[in-house]
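[1] here is a sequence with its predicted model. Questions after.
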Amino acid sequence: MNNQLIVLKRANIEKDKKLKAEPYIIIIKLPFQPHNLRLTYASYKNGRLVQIDELDAAEELISSSEFRGKSCKGFCPTDIKDLKVLLNQLKPIDYQANKEIVIEEYYKQI
């Protein structure tokens, strides 16, 4: 019985490690931004912002901006590029302290 619990605990730890290597998505609503933003981080642990999508109230895609270093691919309006600089300083764990702007957060299953 005790060995089964240890095996299950190790399996859960391994599952968490694999999950934290997956892309992590946070949907936020900023007071000064008219639309919701879907932020995609390379992984929960890494915390590198790789994509910002603008969503309407029905969560339909308005615009998508994909970032690789300082370059941007897709529809990259100036306000999103400016926001990227600010949001890139935050890691996924930082949003847990500010729940009033977070709508949803989840791992992206590829």
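    Structure received. Only a predicted model underlies this, so the values are computations on that prediction, with no experimental measurement involved.
[2] secondary structure class for the residue most central in space within the chain?
    Closest residue to the average C-alpha location of the chain: residue 25 at 2.8 Å, with C-alpha atoms, centre = their mean. Assigned with DSSP: H, G, I helix; E, B strand; the rest coil, residue 25 falls in the strand class.
[3] I'd say it and residue 42 touch.
    No - under the criterion of C-beta atoms under 8 Å, residue 25 makes no contact with residue 42, lying 11.2 Å away. Just so you know, the C-beta spots here come from the backbone N, C-alpha and C atoms, and that holds for glycine as well.
[4] what about residue 56, distance to residue 29?
    Separation of residue 56 from residue 29 (C-beta to C-beta, to the nearest Å): 12 Å.
[5] isn't there a helix covering residue 51?
    No - checked against three-state DSSP, residue 51 lies outside a helix; its state is strand.
[6] where's the longest helix along the chain relative to the chain centroid, distance-wise?
    Scanning the chain for the longest helix, with DSSP state H as the assignment, gives helix 2-20. Here helix 2-20 is found 24 Å from its chain centre; the criterion is C-alpha atoms, centre = their mean, to the nearest Å.
[7] neighbour-wise, which of residue 56 and residue 29 wins?
    residue 29 (14 against 11; other C-beta atoms under 10 Å).
[8] got a list of what that one touches?
    36-37, 101, 103 (C-beta atoms under 8 Å, 6 or more residues apart in numbering).
[9] ok, for it, nearest residue in space, not its chain neighbours?
    In space, and not counting its chain neighbours, residue 29 is closest to residue 36: 5.2 Å by C-beta to C-beta, 6 or more residues apart in numbering.
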